[in-house]
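Enquirer: here is a sequence together with a model predicted from it:
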Amino acid sequence: MKQRLKRWIFRLLRKDPEAVVVTFATGDAELCRRMHEEVRRLVPDRRHFFVTADNWPEMRRQLKSYRIGLAPVLLTREPCALRRAAFRLAPRKILAYNSRLERHHLRCDLPSFLFWRGVPLDRIYLRPWWWPWPKRERSVVPAGFRAPAGFRTMDGRACSQERRRVAVLSPYFPYPLSHGGAVRIYNLLREIAREFDVELFAFTDSDSEPDSAPLLEFCARLVLVQKPRYREPRWSTLLPPEVHEFRSPAMRQAIAAERSAFGFEILQVEYTQLAEYGADVLVEHDVTFDLFTQVAHRTPTLAARWDAFRWRRFETRQARRYRRVVVMSKKDAELLGPAVETAVIENGVDLARFRPEPEEPGERLLFIGSFRHFPNVQAYRFFTEQVWPLLRDKFPRMTLTVVCGADHFAYWRAFSDSPEPRPDSRIRMLGFIADVRPLYRDANLVIVPTTVSAGTNVKVLEAMATERAVISTTSGCGGLGLLHGHSAWIADTPEAFAAGVATLIADPERRRQIARAAYLHAVRNYNWETIGEKLRDLLRSLL
């Protein structure tokens, strides 16, 4: 009866009673094509129309005789007249897609507003903090994969009755040394193992077994827990999303069990998002709220301000609980304030592994920055969109190699509006690279175009150790004591950065002088042996 009545009403309105699907091409052409294909798969039994800016005048007249049941649109930050037309035509039927091709039905509610503002679907937190009933989170297990129940352990170097025992908790397995965080954790584990029996707790997010042999040479025990995989949005309003990402009953169980079985006396927690697991030593690789505050200043959106607020709230509260908070620079210690007991233990470089190499003539630039860390995506966009156009025509032989890390396109789509970086025949993009030393050897100039940053940059130290000149923004080399024109070239605007690249590429002798001064600075201040001794002193003082 209801269907008959509906058909009768729509016939009176001179409309086809069968609902149609109208997809609006309101952004990148390739993304819109993929969006249209997905919608056709989702709703195969309906008639589909594809509307573009070119055919919209004709389609607007044609669609007057149809009832619109669904109107998919692509959300971007750029204003779009066709998107406004879609909202006027079918305001309650909008199926919005973002650049990751996540979809959400837009309604007059908070999740729709957050999705509209660019918050990824799995980062939308809606439940008030006072809501008494927790929402249960369901893990996603890919087809054919069976995540280990609980945790699994591996024994390494034999323990000694003469050595005290400490444990380290990491959000990832710190080998291979594919990014700065892994480099620091691996080398300092090796250094503290000179005096202590060390147990490493680590999350793993790979379906394959990690290469544990290098760590088992000096760690007494490894404890691995599968990182949770979520299918539906997690709810909260006040906790940062990364904190939820690493909440794991299995890890809590592992730490409690090993505290008795292995008998560690101190738990050193790496990264702020894991701060809820301990209260002894917290290592702040970045002061995270400072990163998000910088982002909020550069792009003052509601979402950016909200992220900055909840990170500041969480990070400062957690830091006060710890007996000691390790930071990378004096600036980071000042950011946390006098209420937090801090110790500055800088990043370092393995001078035996990274050695000076003779430089071959050329105009080859190198940028190393995993896209997993969102400031590196912003750095890449700053250079390729604002600096590279100023250099490309002046230096026809200049090339750029970019090491983006594993799954870089997925992280690019998470932190950017476009589906993938714009192609350029002279820009070579590499994913995971196990050994970056040949890339440093081949480079003439290392660029660090970071626009927002905290902590200190391990990749700058590696470039210094291989005696390659670095051109960086102020934030990219902050905390390392480098001087402009002496041990680095520092520039913050696109024009100044391009001019610096041009100056150093055109003057090999100046480049070599800067590289040599930076190398000597690294030898004096940033070898892992000296830094490891600082960490051992800190652990001794807390035992």
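Expert: Nice, I can see it.
Enquirer: let me know the next secondary structure element after the helix or strand of the chain with the lowest mean pLDDT.
Expert: Ranked by mean pLDDT, DSSP states H and E, the helix or strand of the chain with the weakest confidence is helix 2-12, at a mean of 58. On the C-terminal side of helix 2-12, the closest following helix or strand by DSSP states H and E is strand 16-24.
Enquirer: just checking: what are the partner strands of that following strand?
Expert: Sheet neighbours of strand 16-24, with direction, are listed as strand 48-51 (parallel), strand 66-74 (parallel) (DSSP bridges).
Enquirer: buried residues, the last one. List them.
Expert: Spelled out, it's strand 66-74. In terms of neighbour count (16 or more other C-beta atoms under 10 Å), strand 66-74 has its buried residues at Tyr66, Arg67, Ile68, Leu70, Ala71, Pro72, Val73, Leu74. (Glycine included, C-beta is placed from N, CA and C.)
Enquirer: and what of the first one?
Expert: Neighbour-count burial for strand 48-51 flags Phe49, Phe50, Val51 (criterion: 16+ other C-beta under 10 Å).
Enquirer: same question, stretch 435-445
Expert: Those would be Val436, Leu439, Tyr440, Arg441, Ala443, Asn444, Leu445, for stretch 435-445 by 16+ other C-beta under 10 Å.
Enquirer: residues touching that stretch, excluding its own?
Expert: Applying C-beta atoms under 8 Å, 6 or more residues apart in numbering, the external contacts of stretch 435-445 come out as 353-354, 357, 359-366, 368, 401, 403, 433, 446, 462-463, 466, 468-471, 501, 504-505, 508, 511.
Enquirer: try it again at 7 Å.
Expert: The contact list for stretch 435-445 (C-beta atoms under 7 Å, 6 or more residues apart in numbering) reads 354, 357, 359, 362-366, 368, 401, 403, 433, 462-463, 466, 468-469, 471, 501, 504-505, 511.
Enquirer: can you select the buried ones among those residues for me in PyMOL?
Expert: Per 16+ other C-beta under 10 Å, the buried members of the contacts of stretch 435-445 correspond to this PyMOL selection:
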select buried, resi 354+359+363+364+365+366+368+401+403+433+462+463+466+468+469+471+501+504+505+511
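Enquirer: in strands, which of the contacts of stretch 435-445 fall?
Expert: Arg364, Leu365, Leu366, Ile368, Thr401, Val403, Ile471 (DSSP state E).
Enquirer: which non-adjacent residue is nearest the last one?
Expert: Read that as Ile471. In space, and not counting its chain neighbours, Ile471 is closest to Trp489: 4.3 Å by C-beta to C-beta, 6 or more residues apart in numbering.
Enquirer: now swap in the first one and tell me
Expert: Spatially, and ignoring its direct neighbours in sequence, Arg364 is nearest to Asn444 (4.9 Å; C-beta to C-beta, 6+ apart).
Enquirer: need the pLDDT of the one you found.
Expert: Listed pLDDT for Asn444 reads 97.
Enquirer: roughly how far does it sit from Leu390?
Expert: 18 Å (C-beta to C-beta, to the nearest Å).
Enquirer: same check, this time on Cys404
Expert: Distance from Cys404 to Leu390, by C-beta to C-beta: 22 Å.
Enquirer: before we move on, the earlier item: just confirm the residue nearest to Ile471 is within a strand.
Expert: Yes - counting by DSSP: H, G, I helix; E, B strand; the rest coil, Trp489 falls inside a strand.
Enquirer: ok, now which ones touch it?
Expert: Ile471, Gly500, Leu504, Ile514.
Enquirer: what is the most widely separated pair among those residues?
Expert: Gly500 and Ile514 (10.6 Å; C-beta to C-beta).
Enquirer: what sits against Leu336?
Expert: Counted by C-beta under 7 Å, 6+ apart, Leu336 has contacts Val287, Ala319, Val325, Val327, Thr342.
Enquirer: nearest to Arg165, of these?
Expert: Distance to Arg165, by C-beta to C-beta, is smallest for Val325 among the contacts of Leu336, at 21.6 Å.
Enquirer: mind giving me the packing neighbours of the host helix or strand of that closest one?
Expert: In this assignment (DSSP H and E), Val325 forms part of strand 324-327. In terms of contacts (3 or more C-beta pairs under 7 Å, 6 or more residues apart in numbering; DSSP states H and E), strand 324-327 is packed against strand 281-284, helix 330-336, strand 342-344.
Enquirer: at 10 Å instead, please
Expert: If you count contacts as 3 or more C-beta pairs under 10 Å, 6 or more residues apart in numbering; DSSP states H and E, strand 324-327 packs onto strand 266-270, strand 281-284, helix 302-321, helix 330-336, strand 342-344, helix 528-542.
Enquirer: among the ones you listed, which is the most enclosed?
Expert: strand 281-284 (a mean of 26; mean count of other C-beta atoms under 10 Å).
Enquirer: after that strand, which helix or strand is next?
Expert: Counting by DSSP H and E, the next helix or strand C-terminal to strand 281-284 is helix 288-298.
Enquirer: what's that next one in contact with?
Expert: If you take C-beta atoms under 10 Å, 6 or more residues apart in numbering as the criterion, helix 288-298 is touched by 240, 242, 271-273, 284, 286-287, 301-316, 331-332, 335-336, 373-375, 378, 451-455, 475.
Enquirer: surely Asp492 and Thr473 touch.
Expert: Yes - counting by C-beta atoms under 10 Å, Thr473 is a contact partner of Asp492 at 5.2 Å.
Enquirer: who's more crowded, these two?
Expert: Thr473 (23 against 13; other C-beta atoms under 10 Å).
Enquirer: which non-adjacent residue is nearest Tyr519?
Expert: Closest to Tyr519 by C-beta to C-beta, 6+ apart is Glu467, at 4.5 Å.
Enquirer: residue contacts, that neighbour?
Expert: Neighbours of Glu467 in contact, by C-beta under 10 Å, 6+ apart: 354-359, 440, 512, 514-520, 522.
Enquirer: against Ala518, how distant is it?
Expert: 8 Å.
Enquirer: could you do Asp109 as well?
Expert: 53 Å.
Enquirer: neighbour-wise, which of these two wins?
Expert: Per other C-beta under 10 Å, whichever of Asp109 and Ala518 has more neighbours is Ala518, with 28 against 11.
Enquirer: tell me if I'm right that the more buried one and His484 touch.
Expert: No - the pair Ala518 / His484 is not scored as a contact, 11.9 Å apart, by C-beta under 10 Å.
Enquirer: so where is the protein shaky, pLDDT-wise?
Expert: Applying pLDDT under 70 to the chain flags the ranges 1-17, 122-149, 206-208, 229-237, 413-414, 417-419, 454-456.
Enquirer: got the contact list for Ser260?
Expert: Ser260 touches nothing, counting by C-beta under 10 Å, 6+ apart.
Enquirer: please apply the same query to Pro494.
Expert: Phe382, Phe383, Glu385, Gln386, Val387, Trp388, Pro389, Leu390, Pro449 are the contacts of Pro494 under C-beta under 10 Å, 6+ apart.
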